[in-house]
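Enquirer: Could you look at this predicted model? Sequence included:
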Amino acid sequence: MSRRPTIGILTGGGDCPGLNAVIRAATKSAIRLGYDVVGFLRGYEGLVDPVSYMPLDAQNTAGILLQGGTILGSTNKGRFTSLVGEGERVGIDPELLGQAAATVKQMGLTGLVCVGGDGSLGIAQQLHAHGVPVVGVPKTIDNDLCGTAFTFGFDSAVATATDALDRLHTTAASHERVMVLEVMGRHAGWIALHAGIAGGGDVILIPEIAWTFDNVCRKVTERERQDKRFTLIVVAEGAHLPDGGLVHEGDAGGRGQVKLGGIGEIIAREVSARLGREARTVVLGHLQRGGTPTPFDRMLATEFGAHAARLVHEGRFGEMVCYRPPEIASIPIAEAVGRLSTVDPRGSAVQAARALGIGFGDGEDGGPFECGGSSPSGT
Ligand code: F6P
């Protein structure tokens, strides 16, 4: 090992735009604080047999600010999976945690920066309980982590989904069709809500608001009465069907989460069957997770990375960096994991959307916008 103290970093869970910006920022600022940096490969897997890592320095992190994915690799399957089914959590094998802790100790790491979403930060928390000096960085396109106003990756995903809506708008209008855009969002409808509003959607269907086919169809016909012969529907893949079911492929086969997807096509078929209109579906899928981060995500990821290195330097282990506008701060990881940040159906974004006449499939019409309050509109 080198003679300088060393910081480790890993990226866990599903990738998202901005991971490399965090790696770059943590590395650059750690070096300036007097550390060497190593990056573990394929998430937590790199900490255990076969232990695999690469040195990170100014050279190999140069130019990665705008690169999608993660140069360290990641996994949301494998031996460290802590989420089973929808939201159920299991403890990681203590022997595995012991092996990971031994790696960190043997390598003499001052601290380990774990970049991940709810599942990956839950693992970081368990490692911390095993004596590993961890610092967390919140990541997910879904923006469903508690304790931070935004996770990096979300803004990029919203930009991609909004661009898709912009493009669907013109073709939907030209052919007088109903277009259904299915976006990611396993437990939370943040991407659907923000892209739906930014992209001029007409109906937004999210896990947090129960909806019916009747109400969706009513919105389509209401628009037609206003001589608007096309409708854009944005649906989160994790939105429940009116009977409460989730649309997914097979089951997860033990540990891991089911692969969601397919609700968009079900909605398109039902609207078409009920109204006799042409309807088409687009599933955006992993396009939302790939590619270059937006300037906002580059900024957020850079601040997060620099702040994480600073937390290690100050020995503030067990903490996760977070965004409390306008500042970057930190909170205990334990306060951020195990519960999710979901859309408040009474929140200002939903109210603003309703005020414009955007439907949520629940039959509530837009009422007056109640500033600063949280009372429901349109009731
Ligand atoms: O949690 C982020 C996320 O993008 C979810 O929105 C989505 O359901 C899931 O990851 C997909 O994961 P995978 O790439 O393993 O299919």
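Expert: All right, it came through fine.
Enquirer: for Glu278, what are its contacts?
Expert: 175-178, 272 (C-beta atoms under 8 Å, 6 or more residues apart in numbering). For glycine as for every other residue, the C-beta is placed from the backbone atoms N, C-alpha and C.
Enquirer: out of those, which is most surrounded?
Expert: Val178 (26 neighbours; other C-beta atoms under 10 Å).
Enquirer: Got phi/psi on that one?
Expert: With angles defined as degrees, to the nearest 10, Val178 sits at phi -90, psi 130.
Enquirer: wait, isn't it in contact with Val220?
Expert: Yes. Val178 is in contact with Val220 according to C-beta atoms under 8 Å; the separation is 6.0 Å.
Enquirer: Spit out the residues that contact those two alike.
Expert: Contacts common to Val178 and Val220, judged by C-beta under 8 Å, 6+ apart, are 231, 271, 275, 277.
Enquirer: Span of stretch 266-285 from start to end?
Expert: End-to-end span of stretch 266-285 (C-alpha to C-alpha, to the nearest Å): 16 Å.
Enquirer: quick one: buried residues of it?
Expert: Going by neighbour count (16 or more other C-beta atoms under 10 Å), the buried part of stretch 266-285 is 266-268, 270-271, 275, 277, 279-284.
Enquirer: would a markdown table of these with pLDDT be doable?
Expert: Formatted as a markdown table, the buried residues of stretch 266-285 follow (pLDDT from 0 to 100):
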| residue | pLDDT |
| --- | --- |
| Ile266 | 98 |
| Ile267 | 98 |
| Ala268 | 98 |
| Glu270 | 98 |
| Val271 | 98 |
| Leu275 | 98 |
| Arg277 | 96 |
| Ala279 | 98 |
| Arg280 | 98 |
| Thr281 | 98 |
| Val282 | 98 |
| Val283 | 98 |
| Leu284 | 98 |
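Enquirer: Pull the most distant pair out of those residues.
Expert: Maximum pairwise distance in the buried residues of stretch 266-285, criterion C-beta to C-beta, is 24.2 Å, between Leu275 and Leu284.
Enquirer: Low-confidence ranges, the stretch 51-200 of the chain, go.
Expert: 83-88 (pLDDT under 70).
Enquirer: Those residues of it touching the ligand, which are they?
Expert: Selection of the stretch 51-200 of the chain residues close to the ligand by C-beta under 6 Å from any ligand atom yields 76, 117, 140-142, 184-186.
Enquirer: which of those residues count as buried?
Expert: Of these, these count as buried by 16+ other C-beta under 10 Å: 76, 117, 140-142, 184-186.
Enquirer: any idea which of those is the one closest to Trp211?
Expert: For those, the minimum distance to Trp211 (C-beta to C-beta) is 14.4 Å, reached by Gly185.
Enquirer: backbone phi and psi for the residue lying closest to that closest one once chain neighbours are set aside, please?
Expert: Excluding its sequence neighbours, the residue lying closest to Gly185 (C-beta to C-beta, 6 or more residues apart in numbering) is Ala236, at 3.5 Å. With angles defined as degrees, to the nearest 10, Ala236 sits at phi -80, psi 140.
Enquirer: what's near enough to touch Ala236?
Expert: Counting by C-beta under 8 Å, 6+ apart, Ala236 has contacts 182-185, 188-189, 191-192, 205-207.
Enquirer: mind redoing it with 6 Å?
Expert: 183, 185, 189, 192, 206 (C-beta atoms under 6 Å, 6 or more residues apart in numbering).
Enquirer: In helices, which of the residues you listed fall?
Expert: Among the contacts of Ala236, DSSP state H puts Ala192 in helices.
Enquirer: Let me see the residues that make contact with the strand or helix carrying Glu265.
Expert: Assigned by DSSP states H and E, Glu265 falls within helix 263-275. Helix 263-275 has contacts (C-beta under 6 Å, 6+ apart) with 178, 180, 182, 213, 217, 235, 239, 247, 279, 281, 283.
Enquirer: Kindly report the same for stretch 168-186.
Expert: Taking C-beta under 6 Å, 6+ apart as the rule, stretch 168-186 contacts 142, 161, 164, 191-192, 229-238, 264, 267-268, 271, 277-284, 288.
Enquirer: Break this structure into its domains for me.
Expert: Domains of the chain are assigned by automatic domain parsing as 6-152+293-336, 156-289+344-355.
Enquirer: just those: most buried one?
Expert: The highest mean neighbour count among the domains of the chain, using mean count of other C-beta atoms under 10 Å, belongs to domain 6-152+293-336: a mean of 21.
Enquirer: give me every residue that touches Ala239.
Expert: Shown in contact with Ala239 (C-beta under 6 Å, 6+ apart): 205-207, 263.
Enquirer: contacts with the ligand among those, please.
Expert: Okay, of the contacts of Ala239, nothing touches the ligand (C-beta under 6 Å from any ligand atom).
Enquirer: Narrow these to those in strands?
Expert: Leu205 (DSSP state E).
Enquirer: Can you tell me the strand partners of the host helix or strand of Arg280 and which way each runs?
Expert: Per DSSP H and E, Arg280 falls inside strand 279-283. With DSSP bridges as the test, strand 279-283 is paired with strand 178-183 (parallel).
Enquirer: Using CSV, write out every CA atom in the partner strand.
Expert: C-alpha atoms of strand 178-183 as CSV (Å, rounded to 0.1, in the frame of the first residue of the first chain):
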residue,chain,number,x,y,z
VAL,A,178,-53.4,8.9,-27.6
MET,A,179,-49.7,8.4,-26.7
VAL,A,180,-48.7,6.7,-23.5
LEU,A,181,-45.2,7.3,-22.2
GLU,A,182,-44.0,4.8,-19.6
VAL,A,183,-41.2,6.1,-17.4
